[in-house]
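A.B. asks: give me coordinates for this.
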Amino acid sequence: QVAMQTHLLLLLALLSAAAACGSQNEPTPSPHAFEAAGAPEDALKLGPPPTWHTDPARIPRSIHLTWQHDPATTITFSWSTPAQHLDDYEPRAWVVPASLVDHTTAEGKMPFSEQWIATGIGSTYVTEFLGVVAIADVNAVWHVEVTGLQPDTEYVYRVGTWKALRRELGQLQAPTLSPPRRFRTPPAKGSREPMNVILAGDSRDGTAMIRKEMSHLAGRKAAAWFFNGDMCPGGTQHQWDDWFDAMAPVLAEKVLMPVQGNHELYANVYYAQFALPRAAGLAEEWQKHGWSVDVNNVHFVGLDSNTVVAVQAQVQWLEADLKAARADPDIDWIVAMSHHPMYSAGNHGSTYRMQDHWAELFDKYDVRLVFSGHDHSYERTHRIRGGAVAKDGPGTTYVVAGGFFAPPYGAGEEWWTKTSTSGHIYNWVDMQVEGKTVKITAWSGDGVTQLDAFELTR
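C.D. replies: Model (predicted):
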């Protein structure tokens, strides 16, 4: 098994460099961006159509939310459909402020206005490995970015398609849409209001366990989920569909920001699933491999740690990104995420390519927290600076939480280890940010046992 993983890691050096989405285009801002919180003059109270699923083959599946731009004012919806008869398919997102929705009906009756409609793009792709077709089945994915949202506001949405609005009848013609779901935008950048996010990684073939634990996972307070990779065993479309289905109660209402793990072997399929920020400072082929977003007073950075080539390719952009964030008065915290751990006493151990190329940058720009997985256990380091335990002053705390129901690994201990726990009861992390304080709580997979708790302050 180790030999096979090593072989696949070497292959990823080529795969990561060649990885691309099914389309190099990204969703463009809607011309119907929100400009006011109130109802526009053309708003209609639509009557329900005979069915919301006119064409069962077009029912949106694997719906999930990401950010490509400012999280307080934009959101991107992604979903898939069978790749059949798509010539007239126009992907649409219908997004309405929750305050204007009639909640007296079972589903929640959404008023309709062109101002509340955004359109996007689609792409088709097959499953490739090293540029060679591995599975010839054609898949279709759709991305719609909505802009002009209000910060700290709840919205109700449906995604899918329809042919036209029959204004005289007060109905949509031939709609095939998702059920209405909710999401909430975070406050504007720089806000010091309390915020929770969930950090998790390494689910692989654990979708049965995810479904078992979903009742408490979906109820967790969180502005977003950040996932450090290895969502699927290998990353075929069938595996992605199963993972999205298991995670649906979370992903339909919470933003998910992921990074690629070594088990996302079919990289083109992975990058086709997600509409991620494009880092302008990276070469075109790497622009979605490294990303960053500002949520409240936290600058989150996602990194591709899979190969030496990938790590080196991101160095120049990473330094510029961290430098800008550290100089930003609205940002108190920088949190980085990658799949591989820079320091780990677990089965796989530390990742030296990251120590060689990124550790100095984390020290230089005062990155206080780095989150990763890969080892299916839980571990927290002492504060580290300059390759040693920081005796005084700031340092970086490295957290390994790779136990989101992947096969468990045992715990280890090295000079950097503050605490560690084997992955036999699985794990995920809740991060609460309150201005100048970050509170981290690591939980068992069932959310019952507290594995670790600590605070960072500035």
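
A.B. asks: what's stretch 79-93 in contact with?
C.D. replies: 57-64, 77, 117-122, 124, 138-144, 146, 157-163, 178, 241, 273 (CB atoms under 8 Å, 6 or more residues apart in numbering). For glycine as for every other residue, the C-beta is placed from the backbone atoms N, C-alpha and C.

A.B. asks: any of these buried? List them.
C.D. replies: Among these, the ones that count as buried by 16 or more other CB atoms under 10 Å are 58-60, 62-64, 77, 117-122, 139-144, 146, 157-162, 178, 241, 273.

A.B. asks: quick check, residue 90 in a strand?
C.D. replies: No. Read with DSSP: H, G, I helix; E, B strand; the rest coil, residue 90 is coil and lies in no strand.

A.B. asks: which stretches of this structure have low pLDDT?
C.D. replies: Filtered on pLDDT under 70, the chain yields the residue ranges 1-38, 85, 104-108.

A.B. asks: sorry, back to before: let's see which of the buried ones among the contacts of stretch 79-93 end up in strands.
C.D. replies: Mapping the buried ones among the contacts of stretch 79-93 onto strands (DSSP state E) picks out 62-64, 77, 117-119, 121-122, 139-144, 146, 157-161.

A.B. asks: wait, doesn't residue 221 sit right on residue 196?
C.D. replies: Yes. Between residue 221 and residue 196 there is a contact under CB atoms under 8 Å: 4.9 Å.

A.B. asks: which of these two has more neighbours?
C.D. replies: Neighbour totals were compared for residue 221 and residue 196, and residue 196 leads with 16 against 11 (other CB atoms under 10 Å).

A.B. asks: what packs against the helix or strand that one falls within?
C.D. replies: Residue 196 belongs to strand 195-200 when elements are defined using DSSP states H and E. Counting contacts by 3 or more CB pairs under 8 Å, 6 or more residues apart in numbering; DSSP states H and E, strand 195-200 is packed against strand 224-227, strand 397-401, strand 428-434.

A.B. asks: pick the most buried one from those.
C.D. replies: Highest mean neighbour count of the helices and strands packed on strand 195-200: strand 397-401, a mean of 27 (counted as mean count of other CB atoms under 10 Å).

A.B. asks: and the contacts of the very next helix or strand once past that strand?
C.D. replies: Note on strand 397-401: by DSSP H and E, the next helix or strand toward the C-terminus is strand 417-421. When contacts are defined by CB under 8 Å, 6+ apart, strand 417-421 is touched by residues 345-346, 377-382, 411-413, 427, 442, 451-452.

A.B. asks: show me where the stretch 201-350 of the chain has its helices.
C.D. replies: Along the stretch 201-350 of the chain, the stretches classed as helices by DSSP state H, counting those that start in this stretch are 207-217, 237-251, 267-273, 308-313, 315-326.

A.B. asks: what helix or strand is the residue located most distally from the centre of the chain located in?
C.D. replies: Going by CA atoms, centre = their mean, the residue of the chain most distant from its centre is residue 168, 40.9 Å out. Here residue 168 sits in a region with no helix or strand, counting by DSSP H and E.

A.B. asks: from residue 152, how far off is it?
C.D. replies: Residue 168 sits at a distance of 38 Å from residue 152 (criterion: CB to CB, to the nearest Å).

A.B. asks: other residues contacting the strand holding residue 196?
C.D. replies: Strand 195-200 is contacted from outside by 186, 220-228, 254, 295-296, 298, 337, 371, 399, 401, 404, 428-433, using CB under 8 Å, 6+ apart.

A.B. asks: now with 7 Å?
C.D. replies: Applying CB atoms under 7 Å, 6 or more residues apart in numbering, the external contacts of strand 195-200 come out as 186, 220-227, 295-296, 371, 401, 404, 428-433.

A.B. asks: now render the helices and strands packed on strand 195-200 as JSON lines, adding distance to residue 331.
C.D. replies: JSON lines is the format used below for the helices and strands packed on strand 195-200 (distance: least, CB to CB, whole Å):
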{"stretch": "strand 224-227", "distance to residue 331": "16"}
{"stretch": "strand 397-401", "distance to residue 331": "18"}
{"stretch": "strand 428-434", "distance to residue 331": "11"}
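
A.B. asks: of all those, which one is nearest residue 386?
C.D. replies: Among the helices and strands packed on strand 195-200, strand 397-401 comes nearest to residue 386, with 13.9 Å by CB to CB.

A.B. asks: middle-most residue in the chain, spatially?
C.D. replies: residue 257 (1.6 Å).

A.B. asks: wait, it touches residue 66, no?
C.D. replies: Yes. Here residue 257 lies in contact with residue 66, judged by CB atoms under 7 Å, at a distance of 6.3 Å.

A.B. asks: separation between the residue lying closest to residue 434 once chain neighbours are set aside and residue 435?
C.D. replies: By the measure of CB to CB, 6 or more residues apart in numbering, the closest residue to residue 434 outside its immediate chain neighbours is residue 194, 4.8 Å from it. Distance of residue 194 to residue 435, computed by CB to CB: 8 Å.

A.B. asks: more neighbours: those two, which one.
C.D. replies: Between residue 194 and residue 435, residue 435 has the larger neighbour count (other CB under 10 Å), namely 16 against 13.
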